[in-house]
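**Q** Test case, fold it:
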Amino acid sequence: MPLFPVYKTWDINAVKARGCVITDDKGREYLDLYGGHAVISIGHSHPVYVKALSQQLQRIGFYSNAIVNPLQERLAEALTRISGYPGYSLFLCNSGAEANENALKLASFRNGRDRVLAFKRSFHGRTSGAVALTDNPSICSPFNANHRVDLIDLDDFEALEKTFTQHRYAAVIVEGIQGVGGIREPSASFLQKIRDLCTARDTVLILDEVQSGYGRTGKFFAHQHAGIRADIITMAKGMGNGFPVGGLLIAPSFTPVLGQLGTTFGGNYLACTAALAVLQVMEEEDLMGNSARIGSLVKNELGNFSEGIREFRGRGLMIGLELRQDHPASSTLRDDILMKGQIFTGAAGPNIIRLLPPLCLNEEQAETFIKFFKQCYTSHQ
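**A** Sure, this is the predicted structure:
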């Protein structure tokens, strides 16, 4: 039976990985600066993570949420402490799309409205409600499109004011930093304006931190750089370091109603164990601080590389390199970096390279990429 094709794939068969290095079946090593869509947060096969999951699997791997799971309480307590969101409650699920679906549902239950404001170039997932908020018509079917969604540009204050005057929204959903959209960060003043309008109109502010959260930008959540607080924060990707886990942090102003939310696999023993191991390593190894430091190094080295980079965007280890479109390398550089330099990077369009490495990336590894990037770009002159 053939596989249903989903992505374009390279002919690379990875058989093991450690830290930021992936090894294929031919013994070739690759520097991982993409982290599998920002999923690998603490590094591949971290010994603390491997040990915790192995030991938990020997005890119990799964049972339903009909019984008490103390690991869920431990995870909620750890997240409260490290995230800076005391008083919020935690709902656990399996993915970022599922987290966003449940956030939208909670918002609509709370104020009885059905219209949502989202942003151009956004990506919130591929399930029905999440994909309706995603600015990509090619993945939104007629069935998905039957939602009341408005899309405006980031940092368009005039459009924001106008649309809030015209409509009463259930929620505004915005990424802390747009990932698939090209590493585009809303300004602090724009996020603050959204917060003010949501408060004034009883609209729920949902911060999608699925890709930009979990220490990637040097703070636990990217929106914390703007000094605002969200009503709901959605998480996934780096939360489990490869084990499927997602979640919502929900403000204390929401009144729980049994049965409104539910999940079969969400918050299972292995998922909670993985998430707890991630937080433990993040704290013990100061990976948020490392993300800020190594991100600054890359920015200092490449931010002024104007002969090749039109714009450097992002924070910490969530970096977007928009290449000059008039340069011969702009459309092939990512492939060249992988095939010639054996370095994984991501893309966000034909001339935007995304760097989303594990947060344990060290200075030597960052310098390896910087050196090869410049060499590869110059070779196309």
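
**Q** buried residues in the one helix or strand residue 173 maps to?
**A** Assigned by DSSP states H and E, residue 173 belongs to strand 171-175. For strand 171-175, the neighbour count (16 or more other Cβ atoms under 10 Å) marks 171-175 as buried. Any C-beta I mention is one placed from the backbone N, CA and C, and that applies to glycine too.

**Q** any residues touching the particular helix or strand that has residue 196 in it, and which ones?
**A** Residue 196 belongs to helix 188-200 when assigned by DSSP H and E. The contact list for helix 188-200 (Cβ atoms under 8 Å, 6 or more residues apart in numbering) reads 154-155, 157, 160-161, 164, 172, 174, 203-205, 223, 225-229, 231.

**Q** What pairs with the next helix-or-strand element following that helix, parallel or antiparallel?
**A** Sequence order places strand 204-208 as the next helix or strand after helix 188-200, per DSSP H and E. Strand pairing for strand 204-208, using DSSP bridges, gives strand 171-175 (parallel), strand 232-235 (parallel).

**Q** what's the closest of these to residue 379?
**A** Nearest to residue 379 among the strands paired with strand 204-208 is strand 171-175 (34.6 Å), distances taken as Cβ to Cβ.

**Q** Give the burial count for the closest residue to residue 260 other than its chain neighbours, as a bare number.
**A** Closest residue in space to residue 260, ignoring its immediate chain neighbours: residue 109 at 6.1 Å, by Cβ to Cβ, 6 or more residues apart in numbering. Per other Cβ atoms under 10 Å, the neighbour tally for residue 109 reads 16.

**Q** per-residue confidence for residue 109?
**A** Residue 109 is assigned 97 on the pLDDT scale.

**Q** what about the helix or strand hosting it, distance to the chain center?
**A** Using DSSP H and E, residue 109 sits in helix 96-111. The chain centroid and the centroid of helix 96-111 are separated by 17 Å under Cα atoms, centre = their mean, to the nearest Å.

**Q** buried sites along it?
**A** Neighbour-count burial for helix 96-111 [16+ other Cβ under 10 Å]: 96-104, 106-110.

**Q** So which elements touch it?
**A** Using 3 or more Cβ pairs under 8 Å, 6 or more residues apart in numbering; DSSP states H and E, the elements in contact with helix 96-111 are strand 89-93, helix 128-132, strand 171-175, strand 204-208, strand 232-235, strand 246-250.

**Q** Turn the ones you listed into a markdown table, including mean pLDDT and distance to residue 361.
**A** Below are the helices and strands packed on helix 96-111 laid out as a markdown table (pLDDT from 0 to 100; distance: least, Cβ to Cβ, whole Å):
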| stretch | mean pLDDT | distance to residue 361 |
| --- | --- | --- |
| strand 89-93 | 98 | 28 |
| helix 128-132 | 95 | 29 |
| strand 171-175 | 98 | 22 |
| strand 204-208 | 98 | 24 |
| strand 232-235 | 98 | 21 |
| strand 246-250 | 98 | 24 |
